[in-house]
Every structure is written in C-alpha cells, then in structure tokens.
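Asks: The following comprises the amino acid sequence and a computationally predicted model.
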Amino acid sequence: MGLTGCGGATPLTFDLAALPGNPRPGGATRAIVVAEPIGLQPMEADRILVREPNGSLSFVGGGQWSDRLPRLIQTRIIQSLENSGRLRSVTRPGDKVVSDYQLVSEIREFDIAAGSREAVVDISAKIIAEGTGKVVNARVFSARVPVPAVDAASAAAGLDAALRQVLGDVVRWVNSGR
C-alpha cells in the first residue's frame, strides 16, 4: 500500500501489510516475544533494495518503506501472530510481559532480483524457550513473486506479496507448537 508524499523530490512511502485476522478457538496458552529481525547493513534502512545480476546492490529510486525494514517486519510479524488469535500474548522485548518463547529472526534477503524481475523474501527464524535458552525449532522461510518492472510501486507491491506468503508460513509454524 503506498502513501503519497508532497512535492516532486519526495519519494513515495510504502508500507507492508500484516495478515488479516482469522482467529480460531483454542490454543491460546502460549506467550511469545518477537525480537526485531537482524539483517546486513543495507537492510537496516528504509530504502527498497535491488540486487543486480552481478550481485551488486542498489536502491529503487522514488520509493522508501514507512520505517526501517527490520522494525517494519517485526511489527507485521507481531500483528499477524496476534491476528491469528492462537497465542495468549505476542509482545516485543522490553514490554515486561512474561513469555514462554522468543522468536528471533534474520532477514537474509528482502529485495528485487533485477535479473529475474522477482521480489525475494528470505527470513530465517528460531523459536527459543525463554527459561532455558534452548532452540526449540528453526526454519528458513522464502518466497519469490514476479514483478512487472523494477520501479518503486512494482517493487513495493511484489515485496509485500512475498512477505505475506512468508508471514502465512511463519504464523502456521509458530502456532503449530513445534
């Protein structure tokens, strides 16, 4: 979803969507803390990345995210898990809420592959037991969505669609209790 800016030099600002609510009864016994994902320096910004066929990175001109990418993804993971209605609570670190597990993740890719014209989202995640620090489960979630052009609007829409696929997989995985 795009938010328009005023003035010719101001880039368009784009947001990412959480999964809509689809609460199912039962299973609301676990509490989880969702840490902000880590990522390499280019992903720490609010710019939309393009990965060229030679491996070099650039930014899409005329567009930006509504916040730093890791914070935006953390917020959408939290909202998507909350919207599922399957957990007792979903919080951020520092909220001082006692939890059973922590979800930690790394943004491995979140860019437009210019050569194949695809939006690529690749996030690794671990569920860690709060009491012991033991990794209960770990998995890599990936999605690729074709984009019609390498421009701000197409890139943002493609990355949003790819993230929705990944969020769906993450929510199912976390709620499966494995």
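Replies: Great, that's in hand. Numbers count the residues shown, from 1 in each chain.
Asks: switch to C-alpha atoms for all contacts and neighbour counts from now on
Replies: Fine.
Asks: can you give me the helices in this structure?
Replies: 69-84, 152-175 (DSSP state H).
Asks: Centre-most residue in this structure?
Replies: I73 (3.4 Å; C-alpha atoms, centre = their mean).
Asks: what about that one, distance to Q79?
Replies: From I73 over to Q79 the distance is 10 Å, taken as C-alpha to C-alpha, to the nearest Å.
Asks: ok, back up a step: distance to V97 and mean pLDDT for the helices of the chain - can I get that in TSV?
Replies: Below are the helices of the chain laid out as TSV (distance: least, C-alpha to C-alpha, whole Å; pLDDT from 0 to 100):
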stretch	distance to V97	mean pLDDT
helix 69-84	14	97
helix 152-175	18	97
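Asks: out of the ones you listed, which comes closest to D100?
Replies: D100 lies closest to helix 152-175 among the helices of the chain, at 12.2 Å (C-alpha to C-alpha).
Asks: Pull the closest one out as PDB, backbone CA atoms only.
Replies: Provided in PDB are the C-alpha atoms of helix 152-175 (Å, rounded to 0.1, in the frame of the first residue of the first chain):
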ATOM      1  CA  ALA A 152       9.100   1.700  -6.700                       C
ATOM      2  CA  ALA A 153       5.400   0.800  -6.900                       C
ATOM      3  CA  SER A 154       6.100  -2.700  -8.500                       C
ATOM      4  CA  ALA A 155       8.900  -3.400  -6.100                       C
ATOM      5  CA  ALA A 156       6.800  -2.500  -3.000                       C
ATOM      6  CA  ALA A 157       3.800  -4.500  -4.200                       C
ATOM      7  CA  GLY A 158       5.900  -7.500  -5.000                       C
ATOM      8  CA  LEU A 159       7.800  -7.500  -1.700                       C
ATOM      9  CA  ASP A 160       4.500  -7.000   0.200                       C
ATOM     10  CA  ALA A 161       3.000 -10.100  -1.600                       C
ATOM     11  CA  ALA A 162       6.200 -12.200  -0.900                       C
ATOM     12  CA  LEU A 163       6.200 -11.100   2.700                       C
ATOM     13  CA  ARG A 164       2.500 -12.100   3.100                       C
ATOM     14  CA  GLN A 165       3.400 -15.600   1.900                       C
ATOM     15  CA  VAL A 166       6.300 -15.800   4.400                       C
ATOM     16  CA  LEU A 167       4.100 -14.400   7.200                       C
ATOM     17  CA  GLY A 168       1.500 -17.100   6.500                       C
ATOM     18  CA  ASP A 169       4.200 -19.700   6.800                       C
ATOM     19  CA  VAL A 170       5.600 -18.200  10.000                       C
ATOM     20  CA  VAL A 171       2.200 -17.900  11.700                       C
ATOM     21  CA  ARG A 172       1.300 -21.500  10.800                       C
ATOM     22  CA  TRP A 173       4.700 -22.700  12.000                       C
ATOM     23  CA  VAL A 174       4.600 -20.800  15.300                       C
ATOM     24  CA  ASN A 175       1.000 -21.800  16.000                       C
END
